[in-house]
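J.: need a 3D model of the following:
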Amino acid sequence: MTTTQGPIDVVLVGSSPWSAELSDDDLNLRTAHALAERLGGRFDVIVPAGPAMPGRIDRDPVRVHRVEARSRPGFLLAAQRALRELREPWETPRRPPALVSADPLAALAVETSRIRRGHPHVVQIQGEVLEPGPGYGGPVRRRMLATATRFAVRRADAVRAGSRSLQHAAARLTHRPVEFIGNRVDTRVFRPADGPVAGPDASDAIMIGGLHTARNHRTVVHAWARVVRSHPDAVLTIIGDGPRRPALEALVSCLGLTANVRLLGRMPQAGVLPLLRASRCLVHASVADGQPRAVLEGMACGLPVVCSDLPGHREIVAPGAGLLVPAEDIAAWTGALTTVLGDPQRAAAMGRAGRAYVVEHHDFETNADRMAELIRRVAAVVPQPVS
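T.: Numbering: from 1, shown residues only. Predicted coordinates:
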């Protein structure tokens, strides 16, 4: 055995596709580059192709391997095959790379792969994956998620938890390191607008995220129908796409809100940022979640936030930074939204408090430092390099 010094190679496995465009400002790519810079080695990424073409994209020192996977079992097999194909370059005098999984399904692929032995493994968990509620699907799917997550936590050499409550829960399952490292936000990019914003980008509230049942857009739209009674020109902007879009469009039409609710579909970050800065508040109504990046980015832009009352949200939305609302209580959402829109001074104070919190606890560079240090610590003792 030897203590590691010098460069550390990393292979990151994730079960969610990366952006098809993969522009230089893509947060996933920027994070990979930041970790590669700190660790000094190569950085391979294995993810489903999704809408993009399968294959490899080189963004030195990051290499993104997009694998074709049409189902969860298909992803497990494709990820394991990609890990085996990557193995040949590792069998050199360089030490074996650290394996990092972005989620429980990716961790399952890593832990059941034949190449796992001799490689340090860091698993990342977020949300309510240890005790998933109805927002994560039916009873069978929730049991499978909880089982996979516990298996990964017990087997991994270290765990990165996305919230303190999740850190405490995971620590009860393993004697190995469990670190709380929150989502990273580039507070130099996500910052308040220089002044009031008018024009087509302006809105009174904004929601960002996939149009899925668990995101609970329906409750907010019903509440918005009540908000416009006292704020007839109020506009809610919804960014994102997903299977619930047709139903949501029908609801907006049924409630007579076509002039008050804009569904803009999926957008790149460059398009989202000006809309975020031009809004008066951010709304996040999920019935199950961790510490969503969309909320943190809104707070970094100086927006007051109105969120569903969940354990992960309570950790980031202090009383002075926003309002927490029972997830499916339409009357409570109406009251909270009306309060924020009707008291600009209070809303501005919430926005300042929220940005201060994100700058202190979720800064991109600081949290990248912490994640790199966790990987380096876990890789501190490895087998002798292959000669």
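J.: surely D241 meets H212?
T.: No - here D241 lies out of contact with H212, judged by C-beta atoms under 8 Å, at a distance of 9.9 Å. Heads up, the C-betas are built off the backbone N, CA and C, glycines and all.
J.: which stretches of the stretch 151-300 of the chain have low pLDDT?
T.: For the stretch 151-300 of the chain, the stretches flagged by pLDDT under 70 are 198.
J.: swap in 90 and give it another go.
T.: Across the stretch 151-300 of the chain, residues meeting the criterion (pLDDT under 90) sit at 162-165, 182-184, 193-202, 212, 214, 242, 266-271, 288-293.
J.: quick one: the strands in it?
T.: With DSSP state E, counting those that start in this stretch as the criterion, the stretch 151-300 of the chain has strands at 158-161, 178-180, 205-208, 236-239, 261-265, 282-284.
J.: helices or strands up against the last one?
T.: This points to strand 282-284. With contacts taken as 3 or more C-beta pairs under 8 Å, 6 or more residues apart in numbering; DSSP states H and E, strand 282-284 sits against strand 205-208, helix 293-300, strand 305-308.
J.: pick the most buried one from the strands of the stretch 151-300 of the chain.
T.: Among the strands of the stretch 151-300 of the chain, strand 282-284 has the highest mean neighbour count (mean count of other C-beta atoms under 10 Å), at a mean of 27.
J.: contact partners of that one?
T.: With C-beta atoms under 8 Å, 6 or more residues apart in numbering as the test, strand 282-284 has contacts from 205-209, 220, 236, 276, 292, 294-295, 298-299, 303-308, 313, 337.
J.: domain parsing of the chain, as residue ranges.
T.: Using automatic domain parsing, the domain parsing of the chain gives 2-184+363-382, 205-361.
J.: can you say which of these is nearest to F190?
T.: Minimum separation from F190 across the domains of the chain (C-beta to C-beta) falls at domain 205-361, 3.8 Å.
J.: which outside residues touch stretch 33-47?
T.: 6-18, 28, 32, 59, 61-67, 79, 82-83, 86, 94, 97, 364-365, 368-369, 371-372, 375-376.
J.: now it: buried residues?
T.: 33-36, 38-39, 41-47 (16 or more other C-beta atoms under 10 Å).
J.: so which of those are in strands?
T.: G41, R42, F43, D44, V45, I46, V47 (DSSP state E).
J.: P51: what's it in contact with?
T.: By C-beta under 8 Å, 6+ apart, P51 lies in contact with P17, A20.
J.: so it versus P344, what's the distance?
T.: Using C-beta to C-beta, to the nearest Å, P51 is found at 41 Å from P344.
J.: neighbours of G290, just the number please.
T.: Per other C-beta atoms under 10 Å, the neighbour tally for G290 reads 24.
J.: I meant L255, not that one.
T.: Using other C-beta under 10 Å, L255 has 16 neighbouring residues.
J.: not counting sequence-adjacent ones, nearest residue to it?
T.: Closest residue in space to L255, ignoring its immediate chain neighbours: A225 at 4.5 Å, by C-beta to C-beta, 6 or more residues apart in numbering.
J.: go ahead and confirm that neighbour touches T258.
T.: No - the criterion here is C-beta under 8 Å, and A225 misses it with T258 at 11.7 Å.
J.: please identify which of the two sits among more neighbours.
T.: A225 (19 against 11).
J.: got the contact list for that one?
T.: L255, G256, L257.
J.: for H65, same thing?
T.: Contact analysis of H65 by C-beta under 8 Å, 6+ apart lists D44, V45, I46, V47, G55, R56, A82, L86.
J.: ok, the buried residues of stretch 33-47 vs L130, which is closest?
T.: Checking these against L130 by C-beta to C-beta gives V47 as the nearest, at 23.4 Å.
J.: measure that closest one to A214 for me?
T.: Separation of V47 from A214 (C-beta to C-beta): 22 Å.
J.: likewise for A161?
T.: For A161, the distance to A214 (C-beta to C-beta) stands at 20 Å.
J.: same question, V228
T.: Using C-beta to C-beta, one obtains 25 Å as the distance from V228 to A214.
J.: likewise L27?
T.: Taken as C-beta to C-beta, the span from L27 to A214 is 22 Å.
J.: try H121
T.: 28 Å.
J.: between the two, who's got more neighbours?
T.: Legend: neighbour count by other C-beta under 10 Å for H121 and A214, higher for H121 (22 against 18).
J.: picking up where we left off before, could you dump the strands of the stretch 151-300 of the chain into CSV with distance to Y357 added?
T.: Formatted as CSV, the strands of the stretch 151-300 of the chain follow (distance: least, C-beta to C-beta, whole Å):
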stretch, distance to Y357
strand 158-161, 18
strand 178-180, 15
strand 205-208, 19
strand 236-239, 23
strand 261-265, 28
strand 282-284, 14
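J.: and I125, which of these is closest to it?
T.: Nearest of the strands of the stretch 151-300 of the chain to I125, taken as C-beta to C-beta: strand 158-161 at 5.8 Å.
J.: list the helices and strands that closest one packs on?
T.: Helices and strands touching strand 158-161, as assessed by 3+ C-beta pairs under 8 Å, 6+ apart, comprise strand 121-125, helix 164-171, strand 178-180, helix 364-378.
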